[in-house]
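**Q** The sequence and its predicted three-dimensional model are supplied below.
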Amino acid sequence: MDKFVILGGKKLQGRVKISGAKNVSLPIMAACLLTREEVCLKDVPPLSDVHNMMKVLERLGTRVYFDNNNLKIKADVIRGEGPPVDLVSKMRASFLTAGALLGRRGRVKISLPGGCSIGRRPIDLHLKGFRALGATTEEACGYICIRAKALRGDRIYLDFPSVGATENLMMAASRALGTTVIENAAEEPEIVDLANFLNAMGAKISGAGTKVIRIEGVEELGSAVHTVIPDRIEAGTFMVAAAITRSRIILDNVILDHLKAVAAKLKEAGAELVEQNDGSILVSGENCSRPLDIKTLPYPGFPTDMQAQLMALLTLARGRSVVTENIFENRFMHVAELNRMGADIRVEGSSAFLTGVKKLQGFPVRSTDLRAGAALVLAGLAARGCTEVLEVKHIDRGYYHIDEKLRQLGADIQRVKMEEEEDTAAGEAVEHSETLNLIENTAAPR
Ligand code: EPZ
């Protein structure tokens, strides 16, 4: 398992190209199961999550390969009843194949995706939507069997604007008889891009990006060539890299309109974001030190996927900040790690209360999930001395070559391969200090 070794305090400069979006690549890859014809996807980042989705598609009998930068997918035959259990447990986004397989052939058997470190991640809204389309859903021995003689369009109200449920239901409804209306749908840019891709295949979807999406089912879907949108969360992460190191950098391949809430908060903190004539974004973080109050919300509110990164920035703000996580029930695991670096953060329920400190101190910390790991890298860029971020496999799931991109900008960050025993020892060291930290905190309430 690899670790990142970061020597903090370096200013960043220059420009970096943002990759294609992970969180639309995965549903779009699943949507390729809806047609027998070959599909060509451009700008899909070769992340570990993308490679896992490729394995899921291969195990379903699909031909999928990278041809230079183009991802070619041809699902002319479907093998088996659904994605393999080992891959679904490894990557819960595999559950996005459910809607496509249901739309393609009216049945799927798939293991329950289970929770992850940030929360329970239930699928009740997905299943309720499939049933509204005329499917039956039966759970047995950790699997769920979803079947429909014929999917029929209907009106579906989502109790929560779930991104995954909206995506799964759009895919299933695209091949249903009649019209489906999804109300209280998720409005994320990834929903719009998936709808654009499905329409390029011949679907008839309107209203994506609003709370009401209308899908007129069609008999067949065909081939398409599609370029995925830039990754707004990677872009936001690099914006915070400029802000936390008080630097000025340029980002290429960014749709600023997808980052309105993040841009507004960074400007409120003192950053400047200027769109250049060539479409790039100049980020000036030299004076980005004001404290903030942040509440995560469904799009277009502040994205939960940027919560940890902004928290890293706010550990060094001049004053007190409050960060409230309203989307997932356990998305503060970066707090203990940031406190180990000298941050002053106290968690009460779904809110974290920060008092800015003058400096963070480099320390061995552990990445617990994708965005928490990114936050620790950002903290390491600003910390005094050396920070080691363990278990970077979490970060590699959602950031393509983040260490190389940061090095290009002038950061002192190295990826170091760890032997198994060394990795365990390092992990135990972090756990040991975690225990000490717990004792210390218990002994001396703030
Ligand atoms: C997508 O997850 C993203 N993943 C997540 O990004 C992102 O954090 C999330 O949307 C919210 O924006 C991908 O796109 C692959 P949800 P998803 O369904 O679809 C509850 C990252 O870091 N809920 O909108 O699973 C759920 O418990 C990842 O890139 C139900 O209650 O998110 C959660 O509290 C992390 N029942 C809330 O909705 C359901 O049936 C949001 O979940 C489904 C969801």
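**A** Done, it's in.
**Q** Would you mind listing what in the stretch 201-350 of the chain touches the ligand?
**A** 304-305, 327-328 (C-beta under 6 Å from any ligand atom). Using the backbone N, CA and C atoms, a C-beta is placed for each residue, glycine as well.
**Q** Who wins on neighbours among these?
**A** With neighbours taken as other C-beta atoms under 10 Å, the top of these is Asp305, carrying 24 neighbours.
**Q** hang on, that one packs against Ala372?
**A** No: counting by C-beta atoms under 8 Å, Asp305 stays clear of Ala372, with 10.9 Å between them.
**Q** Could you check which residue of the stretch 201-350 of the chain lies nearest the ligand?
**A** The minimum distance from the stretch 201-350 of the chain to the ligand, using C-beta to the nearest ligand atom, falls at Asp305 (4.5 Å).
**Q** Report pLDDT for that residue.
**A** If you check Asp305, the pLDDT there is 98.
**Q** I figured Thr315 was touching Arg340, is that so?
**A** No: contact between Thr315 and Arg340 fails when scored by C-beta under 8 Å: they sit 11.5 Å apart.
**Q** Comparing these two, which shows the higher neighbour count?
**A** Thr315 (27 against 22).
**Q** Could you pull up the contacting residues of the spatially closest residue to that one that is not a sequence neighbour?
**A** In space, and not counting its chain neighbours, Thr315 is closest to Ala343: 3.8 Å by C-beta to C-beta, 6 or more residues apart in numbering. By C-beta atoms under 8 Å, 6 or more residues apart in numbering, the residues touching Ala343 are 315, 335, 354, 357, 360, 379.
**Q** any idea whether Ala343 is helix, strand or coil?
**A** Put simply, Ala343 is coil when judged by DSSP: H, G, I helix; E, B strand; the rest coil.
**Q** Show the pLDDT at it.
**A** 98.
**Q** Low-confidence ranges, the protein, go.
**A** The model of the chain has pLDDT under 70 over residues 420-446.
**Q** how does it look with 50?
**A** 434-446 (pLDDT under 50).
**Q** Taking it, what residue is nearest to the ligand?
**A** Gly164 (2.8 Å).
**Q** so that residue sits in a strand?
**A** No: under three-state DSSP, Gly164 falls outside any strand and is assigned helix.
**Q** going forward can the numbers begin at 594, since that is how I track them
**A** I'll keep to 594 as the first residue from here, and by that count the last item is Gly757.
**Q** got the contact list for it?
**A** Taking C-beta under 8 Å, 6+ apart, we find Gly757 in contact with 620, 686, 688-689, 716, 719.
**Q** can you check Gly727 too?
**A** Counting by C-beta under 8 Å, 6+ apart, Gly727 has contacts 741-745, 747, 769.
**Q** Tabulate those residues (JSON lines), appending neighbour count and distance to the ligand.
**A** As requested, these are exported to JSON lines (neighbours: other C-beta atoms under 10 Å; distance: C-beta to the nearest ligand atom, whole Å):
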{"residue": "Ala741", "neighbour count": "21", "distance to the ligand": "18"}
{"residue": "Lys742", "neighbour count": "10", "distance to the ligand": "24"}
{"residue": "Ala743", "neighbour count": "12", "distance to the ligand": "24"}
{"residue": "Leu744", "neighbour count": "22", "distance to the ligand": "19"}
{"residue": "Arg745", "neighbour count": "17", "distance to the ligand": "21"}
{"residue": "Asp747", "neighbour count": "17", "distance to the ligand": "17"}
{"residue": "Ala769", "neighbour count": "24", "distance to the ligand": "19"}
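**Q** hmm, which two among these are most spread apart?
**A** Of all pairs drawn from the contacts of Gly727, the one with the longest distance (C-beta to C-beta) is Lys742 and Asp747, at 15.0 Å.
**Q** need the residues of the stretch 644-793 of the chain near the ligand, please.
**A** Counting by C-beta under 6 Å from any ligand atom, the residues of the stretch 644-793 of the chain that sit close to the ligand are 686, 712-719, 753, 755-758.
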